[in-house]
Every structure is written in C-alpha cells, then in structure tokens.
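**Q** Coordinates for the following, if possible.
(chains A, B, C and D)
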Protein chains: 2
Amino acid sequence: MSGSRSSGNGRPTIRDVAREAGVSIGTVSAVINERGQVAEETRRHVQRFIAELGFEPNNTARSLKSRRISSIGFVVPDLDNPFFAAVAEGVQRGIGDNDILLMLCITWSQTEREEYFARIMRTQRLDGVIYLTGTGLPSSSLLELARAGSVVFVDEVLPGMDVPFVSSNNLAGARAVARHVIDQGHRRIAIVGGPPRLWTSEQRLAGFRESLAAAAIDTDAAPYVAGDYSERSGYLAAERFLAGSRKHWPTAILCANDLMAIGVMRYCREHDVAVPSELSITGFDDIAAAELLQPALTTVAQPGLEMGRAAAELLLHRTGVRPEPPATTHFQTSVRIRNSVAAVVS
Amino acid sequence: MSGSRSSGNGRPTIRDVAREAGVSIGTVSAVINERGQVAEETRRHVQRFIAELGFEPNNTARSLKSRRISSIGFVVPDLDNPFFAAVAEGVQRGIGDNDILLMLCITWSQTEREEYFARIMRTQRLDGVIYLTGTGLPSSSLLELARAGSVVFVDEVLPGMDVPFVSSNNLAGARAVARHVIDQGHRRIAIVGGPPRLWTSEQRLAGFRESLAAAAIDTDAAPYVAGDYSERSGYLAAERFLAGSRKHWPTAILCANDLMAIGVMRYCREHDVAVPSELSITGFDDIAAAELLQPALTTVAQPGLEMGRAAAELLLHRTGVRPEPPATTHFQTSVRIRNSVAAVVS
DNA sequence: ATTTCGATATGAACCGGTTCAAATTCGAAG
DNA sequence: CTTCGAATTTGAACCGGTTCATATCGAAAT
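**A** Sure, this is the predicted structure:
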C-alpha cells in the first residue's frame, strides 16, 4: 500500500518518513523532538506518517551527534549483599522515567573488572556513573573518570577529592549501637571491622571506639579483626575471638555489617555458643535477614533505597537533567534494638 | 608538541589518528579492529599514535554502522528477592569479557514499566534481552520483541511459542519436597501457590498435587491460596489457613517460594504457633536466608547463578557471539531438608 | 506597490565510526 | 625492462539521526 518504503530491509528511518509525508527531514526531526517551530497542521500530518510507518527513532544515531544523557553505569561489588541490592533498586527509582538506561557493572571487588568497566564506560560514552564502594578503594581509572566528569559515590568519600557523594551517618550509628551494648553492661567487647582504608569501615570503627573510650574501656585492648564485609570473614573473626579460654572471651562482638554478624552467629550455632546469653552480637545495615534471625539481630539501619535514589537524583542534577538537587544526600542511621544483645549478669 | 589535535575540544577521533600517523582512516580502522591486511610495520606505527593521542573508539558511532552486539537487557521484577539477584549475578558472569553492557530493567511487576522498557530496547537497538518472570505474564510488547529477535526467558516457558528459555525442574522439586512432608506423616497439607498462570507457579503446584494424589490425599480438599511470591502474601495466606478452630488447621504448609514461607513463619512467630512442632513449613528457591531462619527452612534449591549464566550464554550463542550453546539449560532441583518440617505424632 | 517581519520549512553538513571497490606498491616471473 | 598478481592502502559513501544558516511565505506596515 502507501506504506512501502524504499529501503526494503530495516525499519523506517527519518528520511523514509520525510519522503512519505512530503516534508524535509529537519521537519520530521523537529516533530519527534517537539522542538522548533512546527505548524500544528504539519505536526499532525507528520505524526500520522510516523505512526503509519511505525517509525521509532534510533537512539544510537541520535546520541552520536547530540550528546544528550541517555545511560549511566552502576558499579557495585555484588548483589548478594541485600544492602547493595536495595541501593540498586533505589537508583532505578531515582532515574524515574527519564529515558535513561541503567548499566549494571558487577565487579566482585576485582580491580581489573573495575578497570574494565571504566574502559567500557569511556568507549560507550556513558553519561555518568554511580559507584558503590566494595571492599577496596576505587581503581585509578575510575578516579580519573570521577575527576573528569560525573561520578557519584555512595558510601565512600575520598579524602582531598571534590567528588559528589551520598552517605549515611555511619559514625553516629556505630557510636549509638556500641553505646547500647555498653549500657547492657558489656566491658569485654570485640570488634569485627570492614576492609581497612574504606570510609565506611573507618567511620564505623571510629564510632565503636568513641563509645568505648567514653565508657573508659581501653580501646587498644579491645580485640579487633578486619573483615571484608562477607559472611565468611565474620565466621573467621569469630573463630579468632572465641579461641582459648572461655573466661577471656569477649561478651559482645560489634560487627561492621550484618553479613559478618551473620557469620559470627553461624559460628556460634556450630560451636554451641549461646547468643545472646553467652555472647551478644550487633551488625550494621539492617538487611531483611537481620529481623529473621534467631535471635533477631540488633543492628544499625541505613536507608539503602533512599540512598540509591538520592545518588541517582544527584547525578541527574549534575548532568543537567534535573533542575533541583535531591533534598538529602546525608542520611540518618538508627539503631534497631532486637534480641541479639543481652544484659550482662555479673 | 606533536600531539596537538585539530579539534581542540573533545577526544581524538579516528581521523585525528589518521592525520597524525599519516595514514588513511581505513587503515586506522583496520588496526583497531585487527582486521584486514595491515603490514606489521604499519600496525605498530599506527598503534604508537593511538597510544600517544589516547584514542579510544566511540562505541556509539561504531554500532551505528555495524550492528555488532554491544548491550543486552535484563528484565527482572525486583532485586529484593535473592533468587533474582543470584540470576543477575549469573548473567553478568555469563557475559564474561565480551564487551557487552548489561542494562538493568527493574519492573516492579508493573506492566507499564515492562512496556516502557520494551520501547527503550527497540529504540536503543539492544541486541538481546534476558527476561525473568515476575508475578505476571510478559507484556505484549515484550512478546513481540521475543518473536522478532533475541529474548531468552528464565523460568518461564510460553505455551505455543518457540522461544528459548532456561529453567529448572520445578515439577520434580515440588514433587520431592511434598513427598518429604507426606513421609513425615502429614495429611492435612495446605498450599501457598505463586501467581496463577505463571509457568513456575503451575509447575510447582502440579508437583505438590501429584505427590498429594500419590498419597491418596484428596487434592481438591487441600486448602490452597494463590500468593504473589512476596513475603507479605505468605503472611496473608497463613492468616487464612490458621483461622478458625485449631483442630482443623493444616499440619503443614507447602509454599511456592521461600519469601512466602518466611511470611508464613513470621505469622507463626507473631501468633505463637510453634514451627515445626505445630506446623511444618517448606519453601522453594533456597535463598541464603532459608538456612539462617530458626528453624532453618526445608526448601527446594535451584541454581540461580548457573541459570543466569546459562541464559546469558544461550543469548550470546543465538546472537552469534558465542560458537557453542551452554551445556545445560534445564537444571535439576534438589530438596534441602532442614528443620522446618517435623514428623507428625499421632 | 513595496518593504518588513515573524513563523515555518528546508536540506547540507556533521557526529565518528565501518565498508569496500579501486588505486598503489612491490617483488617475482618472463 | 616489462608484466602480473598478491598484499596493502586509500578515501568516498554510508549508518540515521541533529543542527542551524538560509529560503519561503503570508500578512501587516509603509
């Protein structure tokens, strides 16, 4: 019928529409972008042919000339950690319906994968990146990207670098949960920290120690092991703390995240250490499983979904897509008191 | 110095490299693609200038002309469900280092979001899609996409459509876990199914009922509620089953996934129903939390990571990137017997 | 009747690669 | 000293949009 297009093979192009409608390609372009001065009558006429031919603009061609924002990368260590998954969902929410693609980059905390993605992002001309700290510091390529353009960090602030970031109050949260444990009468308190040199690790560790110091507990004497935020590293830490004579054991272990706390609990279950009567445990993140555990884990909640959303909004703001910056980029944390901490009977 | 490029603004293009190196753009193109006949000496010469200028090909321009595969979509209801997160990780693994970006499409089980992504995928000319069944059937736009090209379904087979898919043996798994419950002496068994009309829901339900029928239990009399795979819907189902006189309660509830089983367990905890002594519960998926629960959840394991990987490999095979198809696309399930099912004392 | 001007419409040039027919180079054979 | 063919190299055309300087047109103003 009338809909026969010249290029017999592919989908119709803007030129096909122009020819069929008897107008110029410039006019068609103006119509599909709702820009420029197009007479109402012409617009309708062109739109009819767009619909008739089933024309849909090719975004690849489109973004070649006009560097409009169209996709952003989301770099994350893994999705097993429910907190990370929550941030991912938040980012997707924050993007909203801005026609922006979210590229998932799982690094498994390997530097070479981070470098790999950094390269891809450069060649694919992604318009921005949201970076979620893993167990190591961002790779040099990524930092270079950050310096050059639009990278928003979640839960990581780089010293001396003016890079936008979203975070929660790790320090206050850690301080509060440690105080809660101390208030229950604990004095021999061990700490399972996150990977060294990470901002979150340091903040949480500092928070724990501040409260310990405030209670006149010798922080240097407090047993400390650095984990890597994995369940397994929590298990290993427990193995270290709960060796030797029972009377020297800590009565409480503060963990820098929930996964490690779960690892500690698993060790206790396997070795008949009663939680919380013999050993109190706390976590950080408040993942869904924390509430499900027996005993339910006392932990610090941080709003992963909101943080992800804020990160996306911040990035969109900085790339000019969004007029206003997000209302908040620094979120409060709150202690969730459950049953994994018991009072010390002395 | 020698590295001054004409276009003062952006990054160097293939033409800049050609000019600086004193060769034609065709030669540069051949060098960066390691294709065609290029003399070894020329290659090295050009490569030196590529490095010197810091040239990196623009993939947008590249994919405009040569429709090479460069990104695939991953459509998933959400990432809160750890099974979905595992599949996502598997997909990323399966892609390997093929320079393919994974575009994340979280639909929150909303049809309009699925339609939205289908449109984006068409305009972005994605090279393929991996579709993870949510709580509803795939939208018409997506089916259209599937018919047209490269969509691989995970855990969903469409009746009458020749669409590639990856799945696990839901039927056998459901049958086996139901048999286990029956073997423990249960006769009054309730079922919390998944969303109706979904392949996984139907398979699991069929498996449960087959075992019930084999034990001469009237399947029609067995209480049944259709959930939507969410924790909340499990809770609601429990509310239904555990109303009325205690003596008519079921002694076991088979759930079509772990999240719903967790919902049932939460109801029990809140209403002082002892699990498993008063009520036995089973799930499906074997998410990490299943093992952590108290009592640990008896469930059916399916290899999410492997399934995701196979889906990616299947897609890559079908789009010609990968010479061989994956070894397996139909995975075995296995029952994980833990503590949430007790023997009936009669 | 001529000029002026805002509203529209036009289409060549460009974005940065890939392709491939045609030109060039070079060594061996005649 | 040609001739011939394989190996290289070249560069115009193209992919499908966006841009914007320029052309067109009708009505109002002079």
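**Q** okay, CA-based contacts and neighbour counts for the rest of this
**A** Noted.
**Q** Name the residues that touch the worst-scoring helix or strand of chain A on mean pLDDT?
**A** Scoring the helices and strands of chain A by mean pLDDT, DSSP states H and E places helix A:140-148 at the bottom, with a mean of 75. Helix A:140-148 is contacted by residues A:114, A:115, A:118, A:119, A:151, A:152, A:163 when judged by Cα atoms under 8 Å, 6 or more residues apart in numbering or on different chains.
**Q** rerun at 7 Å
**A** Helix A:140-148 is contacted from outside by A:115, A:118, using Cα atoms under 7 Å, 6 or more residues apart in numbering or on different chains.
**Q** Going by neighbour count, list what's buried in it.
**A** Buried residues in helix A:140-148, defined by neighbour count with 16 or more other Cα atoms under 10 Å in any protein chain shown: A:141, A:142, A:143, A:145, A:146.
**Q** Next, the buried residues of stretch A:102-115.
**A** A:102, A:103, A:104, A:105, A:106, A:107, A:108, A:109, A:111, A:113, A:114, A:115.
**Q** That should have said stretch A:209-224, apologies.
**A** A:209, A:210, A:211, A:212, A:217, A:219, A:222, A:223, A:224.
**Q** what's the answer for stretch A:276-286, then?
**A** Neighbour-count burial for stretch A:276-286 flags A:276, A:278, A:279, A:280, A:281, A:282, A:283, A:284, A:285, A:286 (criterion: 16+ other Cα under 10 Å).
**Q** Can you tell me which of the residues you listed lies closest to DNA strand C?
**A** residue A:285 (43.2 Å; Cα to the nearest atom of the strand).
**Q** Report the beta-bridge partner residues of the closest one.
**A** Listed beta-bridge partners, residue A:285: residue A:301 (assigned using DSSP bridges).
**Q** In contact with it, which residues?
**A** Taking Cα under 7 Å, 6+ apart, we find residue A:285 in contact with A:83, A:257, A:258, A:299, A:300, A:301, A:302.
**Q** Residue A:232 touches residue A:263, doesn't it?
**A** Yes - counting by Cα atoms under 7 Å, residue A:232 does reach residue A:263; the two are 5.8 Å apart.
**Q** So which of those two has more stuff around it?
**A** residue A:263 (22 against 19; other Cα atoms under 10 Å in any protein chain shown).
**Q** is it true that that one touches residue A:229?
**A** No - assessed by Cα under 7 Å, residue A:263 is found out of contact with residue A:229, at 9.9 Å.
**Q** check contacts around residue A:18.
**A** A:24, A:25, A:28.
**Q** Out of those, flag the one nearest to residue B:189.
**A** residue A:28 (63.7 Å; Cα to Cα).
**Q** The helix or strand where that closest one lies and chain B in contact?
**A** Using DSSP states H and E, residue A:28 sits within helix A:25-32. No - for a cut-off given as Cα under 7 Å from any Cα of the partner chain, helix A:25-32 has no contacts with chain B; the smallest distance is 12.9 Å.
**Q** For residue A:246, grab phi and psi.
**A** For residue A:246, the backbone dihedrals are phi -60, psi -30 (criterion: degrees, to the nearest 10).
**Q** Look up how far residue A:42 lies from it.
**A** Using Cα to Cα, to the nearest Å, residue A:246 is found at 86 Å from residue A:42.
**Q** Have a look at these two and say which one is more surrounded.
**A** For residue A:246 versus residue A:42, the count of surrounding residues by other Cα under 10 Å is larger for residue A:42: 15 against 8.
**Q** Is that one in a helix, a strand, or coil?
**A** helix (DSSP: H, G, I helix; E, B strand; the rest coil).
**Q** now it: how far from residue B:146?
**A** For residue A:42, the distance to residue B:146 - Cα to Cα - is 35 Å.
**Q** One more: residue A:290?
**A** Residue A:290 is 40 Å from residue B:146, by Cα to Cα.
**Q** cool, and residue A:331?
**A** Taken as Cα to Cα, the span from residue A:331 to residue B:146 is 42 Å.
**Q** ok, for the residue of the stretch 201-346 of chain A found nearest DNA strand C, nearest residue in space, not its chain neighbours?
**A** Nearest residue of the stretch 201-346 of chain A to DNA strand C: residue A:319, at 18.5 Å (Cα to the nearest atom of the strand). Nearest residue to residue A:319 in three dimensions, chain neighbours excluded: residue A:150, at 7.1 Å (Cα to Cα, 6 or more residues apart in numbering or on different chains).
**Q** burial count for the nearest residue to residue A:195 once chain neighbours are set aside?
**A** Once flanking residues are discounted, residue A:195 sits nearest to residue A:228: 4.9 Å by Cα to Cα, 6+ apart. Per other Cα under 10 Å, the neighbour tally for residue A:228 reads 22.
**Q** where along the stretch 51-200 of chain A do the helices fall?
**A** Taking DSSP state H, counting those that start in this stretch to define them, one finds helices in the stretch 51-200 of chain A at A:59-65, A:82-95, A:111-123, A:140-148, A:170-183, A:199-214.
**Q** from the buried residues of stretch A:276-286, which is closest to chain B?
**A** Chain B lies nearest to residue A:286 out of those, by Cα to the nearest Cα, at 13.5 Å.
**Q** what's the closest one sitting at in phi/psi?
**A** phi 60, psi 60.
**Q** Does it touch residue A:297 like I think?
**A** No - judged on Cα under 7 Å, residue A:286 makes no contact with residue A:297 at a distance of 8.3 Å.
**Q** Spell out which residues of the stretch 1-150 of chain A are next to DNA strand C.
**A** A:22-27, A:37-43, A:61, A:64-65 (Cα under 7 Å from any atom of the strand).
**Q** Out of those residues, which end up buried?
**A** Judged by 16+ other Cα under 10 Å, buried ones among these: A:25, A:27, A:43, A:61, A:64.
**Q** Please report the distance of the residue nearest to the third one when sequence neighbours are not counted from chain B.
**A** Meaning residue A:43. With sequence-adjacent residues excluded and distances taken as Cα to Cα, 6+ apart, residue A:43 is closest to residue A:31, at 6.0 Å. Per Cα to the nearest Cα, to the nearest Å, residue A:31 is found 17 Å from chain B.
**Q** Is it possible to get JSON lines of the buried ones among the residues of the stretch 1-150 of chain A next to DNA strand C that adds pLDDT?
**A** Output for those, formatted as JSON lines (pLDDT from 0 to 100):
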{"residue": "A:25", "pLDDT": "94"}
{"residue": "A:27", "pLDDT": "94"}
{"residue": "A:43", "pLDDT": "93"}
{"residue": "A:61", "pLDDT": "88"}
{"residue": "A:64", "pLDDT": "83"}
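**Q** Which single one of those is nearest to DNA strand D?
**A** Nearest to DNA strand D among these, with distances taken as Cα to the nearest atom of the strand, is residue A:61, at 4.3 Å.
**Q** where do the strands sit along chain A?
**A** Under the criterion DSSP state E, chain A carries strands at the ranges A:71-76, A:101-106, A:128-132, A:151-154, A:165-168, A:189-193, A:224-226, A:252-255, A:280-282, A:299-301, A:330-331, A:334-336.
**Q** nearest to DNA strand D, of those strands?
**A** strand A:71-76 (15.7 Å).
**Q** Alpha carbons of the closest one, as CSV, please.
**A** Output in CSV follows, covering the C-alpha atoms of strand A:71-76 (Å, rounded to 0.1, in the frame of the first residue of the first chain):
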residue,chain,number,x,y,z
SER,A,71,22.7,6.0,30.1
ILE,A,72,24.5,5.7,33.4
GLY,A,73,26.6,3.0,34.9
PHE,A,74,26.0,1.4,38.3
VAL,A,75,29.2,-0.1,39.7
VAL,A,76,28.6,-2.5,42.6
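**Q** So is that strand next to chain B?
**A** No - counting by Cα under 7 Å from any Cα, chain B has no neighbours in strand A:71-76; the shortest distance is 9.0 Å.
**Q** That strand - contacts with which helices or strands?
**A** strand A:101-106, strand A:128-132 (3 or more Cα pairs under 7 Å, 6 or more residues apart in numbering or on different chains; DSSP states H and E).
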